[in-house]
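Undergrad: Dropping the sequence and predicted coords here.
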Amino acid sequence: MNPELETRYVFTITARIAEVTSAGDIGSGVRRIIPIIGGEVRGEKVNGKVLAFGADFQIIRPDELIELEAKYAFETDDGAVVYVENKGIRFGPVELLQKLKRGEPVDPKLIYFRTVPKFETGAENYRWLMQHIFVGSAARYADRVVIDVHQVL
């Protein structure tokens, strides 16, 4: 029998976001681009700031399933730069997703929002981020996205 999957919480990424830019309907859905303008990373082993560049590139499918691919970086408190590629999906009742689009508050427990972040860094003390799989449980707010990152053991 294969080992069971277990996860362990490692840190939370809070990415502040700017206004949405839409490229319109591309045939398979509506392409949206959401700039990432800063934020923070907080956890037991990793702390720092989200750098003010990068974006979340989304496609909103006709059934309101949202495919996400964010690319950005953070700098740890000890000066290491970590590049992040975070792919995921967000889905829930259409009326609640419409509220989120308008910037209105929605209880995060009512929206399925999961991601798979991948990290890259040349900093030796953070190489473990490249040697494991991580999953994220996320919530979208009007001005930020909050992702609790868990390491798959």
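TA: Received, thanks. Numbering: from 1, shown residues only.

Undergrad: Could you give the separation of the helix or strand hosting residue 52 from the chain centroid?
TA: Element membership for residue 52, per DSSP states H and E: strand 48-60. Centroid displacement of strand 48-60 relative to its chain, using Cα atoms, centre = their mean, to the nearest Å, is 8 Å.

Undergrad: Moving C-terminal from that strand, which element do we reach first?
TA: Moving toward the C-terminus from strand 48-60, the next helix or strand (DSSP H and E) is strand 66-76.

Undergrad: got the angle between that following strand and strand 48-60?
TA: 170 degrees (axes from the mean of the first three to the mean of the last three Cα atoms, to 10 degrees).

Undergrad: Now do the helix-or-strand element of the chain with minimal mean pLDDT against strand 48-60, angle only.
TA: When the helices and strands of the chain are scored by mean pLDDT, DSSP states H and E, helix 94-101 comes last with a mean of 87. Helix 94-101 runs at 130 degrees relative to strand 48-60, counting by the same axes, to 10 degrees.

Undergrad: Check what contacts helix 94-101 and list those residues.
TA: 64, 66, 90, 91, 105, 106, 110, 111, 140 (Cβ atoms under 8 Å, 6 or more residues apart in numbering). All C-beta atoms are positioned from the backbone trio N, CA, C, and that covers glycine.

Undergrad: and if we set it to 7 Å?
TA: By Cβ atoms under 7 Å, 6 or more residues apart in numbering, the residues outside helix 94-101 that reach it are 64, 106, 110, 111, 140.

Undergrad: Residue 37: neighbouring residues, count only.
TA: Neighbourhood size, residue 37 [other Cβ atoms under 10 Å]: 19.

Undergrad: Can you classify it as helix, strand or coil?
TA: strand (DSSP: H, G, I helix; E, B strand; the rest coil).

Undergrad: Wait, it touches residue 52, no?
TA: Yes. Look at residue 37 against residue 52 with Cβ atoms under 7 Å: they come within range, at 5.1 Å.

Undergrad: For residue 53, give me its contacts.
TA: residue 72.

Undergrad: Let's see the pLDDT reported for it.
TA: We have a pLDDT of 93 for residue 53.

Undergrad: Please report how far it lies from residue 74.
TA: Separation of residue 53 from residue 74 (Cβ to Cβ, to the nearest Å) stands at 11 Å.
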